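Student: Quick one, what's the 3D model for this:
(one chain, ligands or ions: 3)
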Amino acid sequence: MASTLNHVAIIMDGNGRWAKEKNMPRTYGHKKGSENLRDLSFYIFDQGIKYLSVYCFSTENFNRPKEEVDFLMNLFVEKFQKEFKEYKKKNIRVVFSGRRENLREDVLEAMDTITEETKQNTRATFNLCLNYGGQYEIVDAIKKIIAEKVDVKNLTPEILNHYLYQDLPPVDFVIRTSGEKRLSNFMLYQSSYAELYFPDVYFPDFDQKEFDKALDVYFHRDRRFGKIEEK
Ligand code: IPE
Ligand code: IPE
Ligand code: MG
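Tutor: Ligands and ions are numbered 1, 2, ... in the order given. Next up, the predicted model:
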């Protein structure tokens, strides 16, 4: 049975389908998903989990219609501006993973403010993956390693981890909502030994009760890390 849960990573999928089922525009689903993320993240940190990573926007999501991309970017700005005080008060450090290029100036500014305002916080880390791609993250890490002339003879997985967008502990548990069973380029390096879970609910409905169910699943998993099963 798994005994600890340090780092949870969530692929927040299904906002569009959630809205479509209600005959509402996709953007309504994104708004509800964003509200859910606020409540859910506080609940997760209240469980004593130290690291939460969430997939907000992939590098590939720039291939969506401009209106949807613009809506999402506006939503991010509004959310970061509105919520940074709450994360600050709750002693949660907010960090970002992803490429800055292609992001609007106001989005970068809102990201920088919430990062700066929460950087001293120590209770937990909230890693927002925005304009994020797992393969790009590895490519960007290699570029930094070359630029810094790191002694590659002594390169280890831990040292490479240090050059990723954020130097975080390994992901223990990946949750992807909406029933899709793929990683879509999310935290490929950090999830090498993660347990995977694909609940059948859309993200706006993935509430505290659903998270409790996920925890139950996780703590019944047998994490062997290559060893023989211990009874
Ligand atoms: C996830 O929901 C949010 C983002 C990718 C930004 P989707 O927008 O992918 O919703 P579906 O998968 O189309 O239902
Ligand atoms: C992954 O969801 C990205 C986010 C949740 C932000 P997508 O809906 O973009 O993934 P695909 O296209 O179904 O693989
Ligand atoms: Mg989707």
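Student: With adjacent residues omitted, what lies nearest to the spatially most central residue of the chain?
Tutor: Central residue of the chain (C-alpha atoms, centre = their mean): Val54, 1.7 Å from the mean position. Of all residues not flanking Val54 in the chain, Ile10 sits nearest, at 4.9 Å (C-beta to C-beta, 6 or more residues apart in numbering). The way it works is simple: take the backbone N, C-alpha and C, and place the C-beta from them, glycine included.
Student: Does the one you found fall in a helix, a strand, or a coil region?
Tutor: Local secondary structure at Ile10 is given as strand here, using DSSP: H, G, I helix; E, B strand; the rest coil.
Student: again, but for Ile159
Tutor: Classified using three-state DSSP, Ile159 is helix.
Student: hang on, it packs against Val150?
Tutor: Yes - using C-beta atoms under 8 Å, Ile159 makes contact with Val150 at a distance of 7.3 Å.
Student: what ranges do the helices span in the chain?
Tutor: Assigned by DSSP state H, the chain shows helices spanning 15-21, 26-46, 66-89, 105-118, 134-147, 157-162, 208-219.
Student: For those helices, give me a markdown table that also has mean pLDDT and distance to ligand 1.
Tutor: Below are the helices of the chain laid out as a markdown table (pLDDT from 0 to 100; distance: least, C-beta to the nearest ligand atom, whole Å):
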| stretch | mean pLDDT | distance to ligand 1 |
| --- | --- | --- |
| helix 15-21 | 98 | 3 |
| helix 26-46 | 98 | 6 |
| helix 66-89 | 97 | 6 |
| helix 105-118 | 98 | 14 |
| helix 134-147 | 98 | 15 |
| helix 157-162 | 98 | 26 |
| helix 208-219 | 98 | 16 |
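Student: Could you see whether ligand 2 lies near stretch 90-98?
Tutor: No - Stretch 90-98 is not in contact with ligand 2 by C-beta under 6 Å from any ligand atom; minimum separation 10.5 Å.
Student: and Tyr51, what are its bridge partners?
Tutor: His7, Thr125 (DSSP bridges).
Student: what's around it, how many residues?
Tutor: Here the number of neighbours of Tyr51 (other C-beta atoms under 10 Å) works out to 24.
Student: quick one on the thing from earlier: now distance to ligand 2 and mean neighbour count too, for the helices of the chain, in TSV please.
Tutor: What follows is the helices of the chain, written out as TSV (distance: least, C-beta to the nearest ligand atom, whole Å; neighbours: other C-beta atoms under 10 Å):
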stretch	distance to ligand 2	mean neighbour count
helix 15-21	8	19
helix 26-46	9	18
helix 66-89	9	16
helix 105-118	15	16
helix 134-147	11	15
helix 157-162	22	12
helix 208-219	16	15
